[in-house]
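K.L.:
Got a sequence here, can you model it:
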Amino acid sequence: MSLIEELAKLRRALAERAALGDQLDAKREMEHFVSFRSLREVTEAAAHLERSGWDVDRSGGQDANSRYLLRVYREQPMDVESAEQALRGVYAITEKHGGTYDGFGAVFIDAEGSEPKGFFGRLFGTP
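P.N.:
Got it, this is the predicted structure:
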């Protein structure tokens with residue numbers, strides 16, 4: 001997907017999370033998934049991402065398409081500005097090193113003192 005499409009997907013996800021009660025200003029680990037065709041590309045990208053303040057996990061190895069997988073993550077809030085800035089940064093570094101951006105994820109944080117919701121509760125807004 002293009003950066004514009006990824007940003008639109010992120011905005012939709014953030015709006016859905018906010019509607020379900022996620023405290024987007026709360027810090028949590030936000031992760032991005034990227035992949036590369038060669039060992040050289042993934043090595044250079046990982047070093048670049050680490051210099052840019054990201055933690056990198058290369059334990060995914062290669063996938064069924066012989067692409068090298070990388071999980072990029074850090075603690076941060078998920079408000080729109082922070083999340084978009086993070087996505088833009090990871091996307092740009094990934095693209096610079098010939099990689100493909102594969103998506104993002106983060107845990108859901110309920111309001112303090114509220115009962116944690118299960119998967120379906122988060123999905124449908126019920127306990």
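K.L.:
any idea where the strands of the protein begin and end?
P.N.:
Ranges of strands in the chain, per DSSP state E, are 28-36, 55-57, 68-76, 100-106.
K.L.:
pLDDT (mean, whole number) over the third one?
P.N.:
I take that to be strand 68-76. What strand 68-76 shows for mean pLDDT is 96.
K.L.:
Also the last one?
P.N.:
Here the mean pLDDT over strand 100-106 is 95, rounded to a whole number.
K.L.:
Ok, the shortest one next?
P.N.:
If you average the pLDDT over strand 55-57, you get 96.
K.L.:
where does the protein have its least confident helix or strand?
P.N.:
Counting by mean pLDDT, DSSP states H and E, the weakest-scoring helix or strand in the chain turns out to be helix 119-124, with a mean of 53.
K.L.:
where in this structure is pLDDT low?
P.N.:
112-127 (pLDDT under 70).
K.L.:
and of the strands of the chain, who's closest to Leu14?
P.N.:
Of all the strands of the chain, it is strand 100-106 that lies closest to Leu14, at 9.9 Å by CB to CB. Any C-beta I mention is one placed from the backbone N, CA and C, and that applies to glycine too.
K.L.:
ok, back up a step: minimum distance to Ala8: which of the strands of the chain has it?
P.N.:
Here strand 100-106 is closest among those (CB to CB), at 12.8 Å.
K.L.:
Show me the contact partners of that closest one.
P.N.:
1, 3, 6, 10, 13, 28-36, 67, 78, 87, 90-91, 94-95 (CB atoms under 8 Å, 6 or more residues apart in numbering).
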